[in-house]
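*Asks:* the amino acid sequence is not available; the structure is as follows:
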């Protein structure tokens, strides 16, 4: 099935070394930010979650996830957007 953002974060933060939540979040964000431009796009989410990790997510699914998190409507998620969403969980 589909992996929720909550499941992804739990999976990617559970075994990380202690270093504070900020470091854990930054590491998770950087894993998704394939091109290093400090934003995560639907295409990057699809590449990491679908192609590399093998989850059954379509590009359309990823576009919906990004749109639900994107605070300024630019089609990408900044680290600040990412932190807000995680802190609200």
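*Replies:* Yep, that arrived. These numbers come from a predicted model, not from an experiment.
*Asks:* so residue 40, which of the three states?
*Replies:* Secondary structure, DSSP: H, G, I helix; E, B strand; the rest coil: residue 40 is strand.
*Asks:* surely it meets residue 33?
*Replies:* Yes - the criterion here is Cβ atoms under 8 Å, and residue 40 meets it with residue 33 at 5.3 Å. C-betas here are computed from N, CA, C, even on glycine.
*Asks:* between the two, point out the one with more neighbours.
*Replies:* residue 40 (27 against 22; other Cβ atoms under 10 Å).
*Asks:* confidence score at that one?
*Replies:* On pLDDT, residue 40 comes in at 96.
*Asks:* contacts only, for it.
*Replies:* By Cβ atoms under 8 Å, 6 or more residues apart in numbering, the residues touching residue 40 are 29, 32, 33, 66, 76, 77, 82.
*Asks:* name the residues linked to it by a beta bridge.
*Replies:* Following DSSP bridges, residue 40 is listed with bridge partners residue 77.
*Asks:* could you report the distance from it to residue 34?
*Replies:* Separation of residue 40 from residue 34 (Cβ to Cβ, to the nearest Å): 8 Å.
*Asks:* work out the gap between stretch 42-53 and the centre of the chain.
*Replies:* Computed by Cα atoms, centre = their mean, to the nearest Å, the separation of stretch 42-53 from the middle of its chain amounts to 10 Å.
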